[in-house]
Every structure is written in C-alpha cells, then in structure tokens.
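**Q** Let's see this in three dimensions:
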Amino acid sequence: MKTPLYSLLLLAFLFTWSCTSDADSEKPLLVLANTEWELQEATLIGRGTVEVPGSSTKVPVSIDGVGQDYDMSLTFGDGDQLVSATGSFVFDVSVSVLGVPLQSEEIPVNGVEIFSGNWELIGDELVITDNEEAVILNVVDNSANMLKLKGDIDASDFESLQEEGLTVSESSIEIVLVK
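**A** Below you'll find the model as predicted:
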C-alpha cells in the first residue's frame with residue numbers, strides 16, 4: 001500500500017519542482033524616455049518577383065541585406081516624445097533568383113530618414129510617426145542594455161534597387177540597439 005502513495009507524492013513533488021515562474025521569463029520593463037541607444041546590428045529580408053526579359057514570366061527573388069559601418073545613435077526624448085537619430089550605416093543588399101545573385105548594392109542609410117518624429121510605446125510596439133507616416137517596430141527582445149526591434153518596411157525606399165521588372169512584395173528589417 002505504500003507504493004501508490006509514495007509514487008503519488010513523488011509525482012507531485014516532481015511536478016511542483018519542474019514548474020517555473022512566469023516572472024523568470026518576463027522581459028524587464030522597457031523605458032525609452034531620456035535614453036540614447038547605439039545601432040549595433042541591422043538586417044533586411046525581403047521577397048518579390050522579377051520579370052524575365054522578353055517575356056511576361058515572373059520568377060521569385062530573395063532580398064538580403066546586412067548592415068555595416070555602423071555610426072548611428074538614437075535619442076528618445078521625454079516630455080516631447082521626440083526620437084532623433086544621428087549618423088548612418090550602410091546596407092550591403094543582394095538580390096538573388098533561385099540562389100543565383102542578380103544584383104548587389106551598397107546602400108547608405110541616414111538615420112534621420114528612418115528614425116525621426118514622435119515616438120510612442122504601445123504594448124510591444126514602438127510607433128514612430130513623422131509627417132503622417134508611421135513606422136511600427138515590434139519589440140522582439142529587450143534587456144537593461146539591449147533592444148531588438150523588427151518591422152515591415154517599404155522596400156521602395158531603397159531606390160538604388162532598380163533592377164528591370166523587379167517587384168518587391170514584402171520586406172522587413174531587424175535592428176539591435178545597445179546602450
């Protein structure tokens with residue numbers, strides 16, 4: 001008779017011991033007001049199609065970009081809720097068709113063109129509004145010294161990607177900022 005009771009107590013103990021608290025997995029409270037962050041990493045991922053010259057056939061393309069030459073910082077204001085960026089970085093962007101490189105371009109990105117305007121943190125979304133245009137970046141991860149954001153962007157902003165017949169259907173950016 002001791003075996004079923006012993007097994008039940010052991011099972012209850014193991015179940016209680018294996019449970020983790022939700023507090024262990026929660027992200028720390030994100031405070032942006034009166035902070036300055038440095039850009040550490042930026043990546044771009046996109047998809048689209050390109051028309052085969054001389055026909056109406058379209059083939060899928062992938063767009064990949066990796067940041068380099070980082071020299072950009074973001075400053076989040078408090079009372080005015082303004083965000084401003086200084087500096088720039090370069091995206092090394094490549095367009096490929098079925099894994100075969102089609103075009104490669106180094107695109108300079110001026111921080112003020114992307115990160116300027118009023119900011120608001122709504123749940124896990126950082127919303128930056130300027131001239132009635134809004135950029136929405138999801139807070140993917142954060143700690144006291146790191147902020148990882150991801151959001152959809154308009155690839156037409158990269159005007160130098162002028163491949164004949166290229167249509168971009170989706171593109172997103174992921175950035176990592178550090179204090």
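**Q** Return the helix or strand in the chain with minimum mean pLDDT.
**A** Counting by mean pLDDT, DSSP states H and E, the chain has its least confident helix or strand at helix 2-18, which shows a mean of 41.
**Q** these two touch, right, Asn118 and Leu126?
**A** No: Asn118 is beyond contact range of Leu126, at 11.3 Å (criterion: Cβ atoms under 8 Å). Where C-beta positions appear, they are placed from N, C-alpha and C, glycine not excepted.
**Q** Tell me which of the two has more neighbours.
**A** Leu126 (22 against 14; other Cβ atoms under 10 Å).
**Q** That one: which element?
**A** According to DSSP states H and E, Leu126 maps onto strand 125-130.
**Q** repeat for Ser62
**A** Here Ser62 is assigned to strand 58-76, by DSSP H and E.
**Q** Which stretches in the chain count as strands?
**A** Along the chain, the stretches classed as strands by DSSP state E are 35-51, 58-76, 82-97, 100-110, 117-122, 125-130, 133-142, 146-152, 166-178.
**Q** gap between the fourth one and the chain center?
**A** By that I understand strand 100-110. How far strand 100-110 lies from its chain's middle: 19 Å, per Cα atoms, centre = their mean, to the nearest Å.
**Q** Mind listing the strands that strand pairs with, and their directions?
**A** Each strand paired with strand 100-110, and its direction, by DSSP bridges: strand 82-97 (antiparallel).
**Q** The fifth one now?
**A** In its sheet, strand 117-122 lies beside strand 82-97 (antiparallel), strand 125-130 (antiparallel), with partners assigned from DSSP bridges.
**Q** Could you check the angle the longest one makes with strand 166-178?
**A** An angle of 130 degrees separates the directions of strand 82-97 and strand 166-178 when computed by axes from the mean of the first three to the mean of the last three Cα atoms, to 10 degrees.
**Q** quick check: mean pLDDT across strand 82-97?
**A** If you average the pLDDT over strand 82-97, you get 93.
**Q** So, low pLDDT: which residues of the protein?
**A** Filtered on pLDDT under 70, the chain yields the residue ranges 1-27, 155-164.
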